[in-house]
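In: After the sequence you'll find the predicted model.
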Amino acid sequence: MHPSIEDYALIGDEQTAALVGRDGSVDWLCLPRFDSSACFAKLLGDKENGHWRIAPKGAKGHCTRRAYRPDTLVLDTEWETGEGTVRVTDLMPQRDRAPDLVRVVEGLSGRVTVRSTLRLRFDYGSIVPWMRKSGGHRVAIAGPDSVWLRTEPQVHTWGEDFGTHSEFTVEKGEKVAFVLTWHPSHHPRPPQVDPYKALHASVKDWQRWAAECRYDGPHRDAVLRSLITLKALTYAPTGGIVAAPTTSLPEELGGVRNWDYRYCWLRDSTLTLGALLTCGYHKEAEAWRNWLLRAVAGDPADLQIMYGLAGERRLPEFELPWLSGFAGSTPVRIGNEAVNQLQLDVYGEVLDSLWLARSSGLSTKPHMWAIQASLMDWLHAEWQQPDEGLWEVRGGRRHFVHSKVMVWVAADRAVRTLEEDPKLRGDVDGWRALRDEVHREVCEKGFDAERNTFTQSYGSRELDAALLLIPRVGFLPPDDPRVVGTVDAIREELGHGGLVRRYSTAETTVDGLPGDEGTFLACSFWLADALHMTGRTKEARELFERLVGLANDVGLLSEEYDPVAGRQLGNFPQAFSHVGLVNTALALFGGDEAG
């Protein structure tokens, strides 16, 4: 039986990440970066596509219990057996030169026989490497990839069935460590990490970082776990934050809505920046802001909705036919064709983010305002185009209301920046006129007076959960009857099991795709925010409590949730969902408790 998405936990080193199942198997790992090809791809196929399981010999199912060490990304998985109890501790230490996956087996009671089965498969599970011994260790090589497996001298390893196996016993207090290290095959072997020192240092480093969190309200553990997850999804060399460390985890089991999320989306920028700044993580916020400035630099007509980890622009989409997909959900996609879409909302997100960064006291850059002014000049001339909208629909361009609202946000933030800093220069009168024109058009063409709600696009009766952001961005005040009506309509028409869908998939011409999807967790957090802003704080807190309860046993959220089957869907863990959790907690409980 295929595992559920919520069966996995995350470990990582802020340059890549691995998913570890409840059965002690590492089923997903891309090396050396988040967007590199996977050497363990069982997540999207089967055991022959690569995995590494360490568990008591004969153990067929899940562990007895597992948890992160407090305020860290170090995972402890324990099994109670008839012979005794054993723990496997998994981590990826902050790398010096090469990425390392460290697994420490420790006997807690009795005498337990443990089995390790390693199947390395490079290029997303398609290439079986050549494995040999070298200096008592195992080294696997295929093309550009080389991986070393190191363990204790007393542990015997052998090759069998295109895998590397070992079997050993541990008694109470005994430890056996394994280290898996990747490096380019044409480079010499990197220095060896001491697994026990790495474990100690990783715990201390994460706890030191977590102690900086300024939020001290209800559900602090969930907020801090979300912040740790965002930190883990940060590509440290550049400051970019990936939407998720996975690709093609389905939005519908057996469906085709499977996308590669191992890139950085501009739509996440303002909400992510706000969460980091409010919780006291200015260094991470500034690194994200700096990534944003580098990524968007250039011709404003070429602004993309997403970029690679270092700001790469070309993310060609293709399929991997040899992978059967998670729970049979195909195709498995690499890259993301949506990178070529026009989404006018990203101009608003960039201008809003840079205004927030400036007003929050982050250091300014000499070229920052020049980029903003250039983006505004292009938007002023081109804003009346239809676009693909926030959700990257593949059913053709429309005049999406959320996109136009974000054009208003761009103009508003540009005007406010000039008003707050008279030394800057720009077409303030023209941008004020644009702000007024967009506002007037949205209220005329994007509002259904009969139903008292804004709609997904001009002339449509469809709704869109992104409209819940209208009061948050300041387009209309929360007590405006049109805002209250929109919140109520979305809750009624897009609600499912108490949560919220992005939009209706019954009208397939909107996104051009067959099938369905789950409720969208970020949108459900937005509903809680909107309920709070419109004076229904009790209902908002009840919804927030439910959303926090949807996290798996180690506090992680995917992109979507199926309230009927009671399981998570979509790429995992999802930065957008965790940003939503943090920001909603701050809105509902922040006050004096959050810095």
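Out: Perfect, I can see it now.

In: residue boundaries of the strands in the stretch 1-150 of the chain?
Out: Secondary structure of the stretch 1-150 of the chain by DSSP state E, counting those that start in this stretch: the strands cover 8-12, 17-21, 25-30, 38-40, 51-56, 65-68, 75-80, 84-91, 100-119, 130-134, 137-142, 145-151.

In: Need the winner for burial among the ones you listed.
Out: With neighbours taken as mean count of other C-beta atoms under 10 Å, the strands of the stretch 1-150 of the chain reach their highest mean count in strand 38-40, at a mean of 29. Placement of C-beta: from N, CA and C, glycine included.

In: other SSEs contacting it?
Out: When contacts are defined as 3 or more C-beta pairs under 8 Å, 6 or more residues apart in numbering; DSSP states H and E, strand 38-40 sits against strand 25-30, helix 122-125.

In: Tell me how far that strand lies from the chain's centre.
Out: How far strand 38-40 lies from its chain's middle: 19 Å, per C-alpha atoms, centre = their mean, to the nearest Å.

In: Quick one: closest of the helices and strands packed on strand 38-40 to residue 185.
Out: helix 122-125 (10.0 Å; C-beta to C-beta).

In: got JSON lines for the strands of the stretch 1-150 of the chain, with mean pLDDT too?
Out: Shown next, in JSON lines, are the strands of the stretch 1-150 of the chain (pLDDT from 0 to 100):
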{"stretch": "strand 8-12", "mean pLDDT": "98"}
{"stretch": "strand 17-21", "mean pLDDT": "98"}
{"stretch": "strand 25-30", "mean pLDDT": "98"}
{"stretch": "strand 38-40", "mean pLDDT": "98"}
{"stretch": "strand 51-56", "mean pLDDT": "98"}
{"stretch": "strand 65-68", "mean pLDDT": "98"}
{"stretch": "strand 75-80", "mean pLDDT": "98"}
{"stretch": "strand 84-91", "mean pLDDT": "98"}
{"stretch": "strand 100-119", "mean pLDDT": "98"}
{"stretch": "strand 130-134", "mean pLDDT": "90"}
{"stretch": "strand 137-142", "mean pLDDT": "94"}
{"stretch": "strand 145-151", "mean pLDDT": "96"}
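
In: could I get those strands as JSON lines with distance to residue 272?
Out: Formatted as JSON lines, the strands of the stretch 1-150 of the chain follow (distance: least, C-beta to C-beta, whole Å):
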{"stretch": "strand 8-12", "distance to residue 272": "17"}
{"stretch": "strand 17-21", "distance to residue 272": "17"}
{"stretch": "strand 25-30", "distance to residue 272": "22"}
{"stretch": "strand 38-40", "distance to residue 272": "25"}
{"stretch": "strand 51-56", "distance to residue 272": "32"}
{"stretch": "strand 65-68", "distance to residue 272": "22"}
{"stretch": "strand 75-80", "distance to residue 272": "24"}
{"stretch": "strand 84-91", "distance to residue 272": "25"}
{"stretch": "strand 100-119", "distance to residue 272": "27"}
{"stretch": "strand 130-134", "distance to residue 272": "41"}
{"stretch": "strand 137-142", "distance to residue 272": "37"}
{"stretch": "strand 145-151", "distance to residue 272": "32"}
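
In: mind listing the helices in the stretch 451-595 of the chain by residue range?
Out: Secondary structure of the stretch 451-595 of the chain (DSSP state H, counting those that start in this stretch): helices at 470-473, 481-493, 521-533, 537-549, 575-585.

In: Tell me where the model's unsure across the stretch 451-595 of the chain.
Out: Within the stretch 451-595 of the chain, the set of residues satisfying pLDDT under 70 comprises 507-509, 591-595.

In: Toward the C-terminus from the top helix by length along the chain, list the very next helix or strand.
Out: Taking DSSP state H as the criterion, the chain has its longest helix at helix 401-420. Where DSSP states H and E defines the elements, the next helix or strand beyond helix 401-420 is helix 428-445.

In: Which strands or helices does the helix or strand following that following helix pack on?
Out: With elements assigned by DSSP H and E, the helix or strand that comes after helix 428-445 is strand 447-448. Judged by 3+ C-beta pairs under 8 Å, 6+ apart, strand 447-448 is in contact with strand 453-454.

In: Partner strands of the strand it packs on, with direction?
Out: Strand pairing for strand 453-454, using DSSP bridges, gives strand 447-448 (antiparallel).

In: And for the strand it pairs with, what's in contact with it?
Out: With C-beta atoms under 8 Å, 6 or more residues apart in numbering as the test, strand 447-448 has contacts from 453, 454, 455, 461, 482.

In: among the residues you listed, which two are most distant?
Out: 461 and 482 (16.0 Å).

In: still on that earlier bit, mind putting the contacts of strand 447-448 into CSV with distance to residue 525?
Out: Below are those laid out as CSV (distance: C-beta to C-beta, whole Å):
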residue, distance to residue 525
453, 20
454, 19
455, 22
461, 26
482, 22
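
In: That concludes my questions; thank you for your assistance.
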